[in-house]
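**Q** Predicted structure and sequence below. I'll ask about it afterward.
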Amino acid sequence: MSVEHLRIMCPSLSCRKVLAVPVSSRGKNVRCKSCGATIRVPEKPAVSAPPPPKAPTEEAKPQAA
């Protein structure tokens, strides 16, 4: 049985170790085994649709002479 992991970096400037935490840890606090800092594992990022293409504005349209 395989458990997926997230890779996060310890925010402590004196540590900066990369930690592998289970996906089930999202939204929870974990402790860095190296320095003991408490780290909040980020929630799953919201997937958003790309912004729609911009319509040409009046300024961009060539004016007739």
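**A** Alright, I've got the coordinates.

**Q** where are the low-confidence patches of the protein?
**A** 1-2, 45-49, 56-65 (pLDDT under 70).

**Q** How much space separates the nearest residue to C32 once chain neighbours are set aside from P22?
**A** Nearest non-adjacent residue to C32, counting by CB to CB, 6 or more residues apart in numbering: C10, 4.5 Å away. Any C-beta I mention is one placed from the backbone N, CA and C, and that applies to glycine too. Look at C10 and P22: by CB to CB, to the nearest Å, they are 17 Å apart.

**Q** what do you get for V30?
**A** 9 Å.

**Q** which of those two has more neighbours?
**A** In terms of neighbours (other CB atoms under 10 Å), V30 is the more surrounded of V30 and P22; the figures are 16 against 13.

**Q** residues touching the more buried one, list them.
**A** By CB atoms under 8 Å, 6 or more residues apart in numbering, V30 lies in contact with L19, V21, T38, I39, V41.

**Q** I'd like those written out as JSON lines, with secondary structure and neighbour count added.
**A** JSON lines is the format used below for these (DSSP: H, G, I helix; E, B strand; the rest coil; neighbours: other CB atoms under 10 Å):
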{"residue": "L19", "secondary structure": "strand", "neighbour count": "19"}
{"residue": "V21", "secondary structure": "strand", "neighbour count": "15"}
{"residue": "T38", "secondary structure": "strand", "neighbour count": "10"}
{"residue": "I39", "secondary structure": "strand", "neighbour count": "18"}
{"residue": "V41", "secondary structure": "coil", "neighbour count": "17"}
